[in-house]
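> sharing a model prediction with you, sequence too.
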Amino acid sequence: MDNANMTTCAPAQTVHFHQKHYTAVVSGAKVSTVRWREDIHEGPAIFIFDNHPTARPLAGQVTAVETYDLAHLSPLAALQPPGTDMTNFARQLRVNYYPEMPEDAVVQVVVIATGHHGDSSLPTTWCDRPQPSKTSVVFPCASRSALPAPTH
């Protein structure tokens, strides 16, 4: 058997969000998240909204993951509005989510997608995903080609 042509089906990873992000994720308003030491990868995901009184797990996809030095993370790279104070952004990441994150941390900018307005019918394994199309993803502030080169 030719193992090089075999498809490995990865189960959906779990991505946790603060409960305050539920409406924005479900509506599609929140399309990215910045993470530290969470080892998130492209593929199917189950989004969990910690301590939300009514939210059920939501099927989704991690569509892109780029790695950056926190000290050099720009609003454009983090998919934040132009003019975002990135010093304050980093401080808020520490205060709200990662109190032990150092100044020289390497973070992941994770792009997410859900079904249309909370439809949980997205694939739950990577091999169930639709074949790539020739259309490109449009980011709110800039084209993907305008993003700075990620740190590897």
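Received it, and whenever you're ready, just let me know what you need.
> got the buried residues for the longest helix belonging to the chain?
In the chain, taking DSSP state H as the definition, the longest helix is helix 86-96. By neighbour count on 16 or more other C-beta atoms under 10 Å, the buried set for helix 86-96 is M86, A90, L93, R94. For every residue, glycine as well, the C-beta is placed using N, CA and C.
> correct me, but N96 touches H21?
No: applying C-beta atoms under 8 Å, one finds N96 not in contact with H21, separated by 11.1 Å.
> what count of nearby residues applies to the nearest residue to E42 once chain neighbours are set aside?
Leaving aside its sequence neighbours, E42 sits nearest to V62 (C-beta to C-beta, 6 or more residues apart in numbering; 5.3 Å). V62: 21 surrounding residues under other C-beta atoms under 10 Å.
> so V62, which state does it fall into?
strand (DSSP: H, G, I helix; E, B strand; the rest coil).
> how about it, what does it touch?
Going by C-beta atoms under 8 Å, 6 or more residues apart in numbering, V62 touches Q13, V15, I40, H41, E42, G43, P44, A45, V110, V111, I112.
> list the contacts of the longest helix of the chain.
With C-beta under 8 Å, 6+ apart as the criterion, helix 86-96 contacts H18, V34, W36, L70, L73, S74, P75, A78, Q80, M101, E103, V107.
> after that helix comes which helix or strand?
Where DSSP states H and E defines the elements, the next helix or strand beyond helix 86-96 is strand 106-114.
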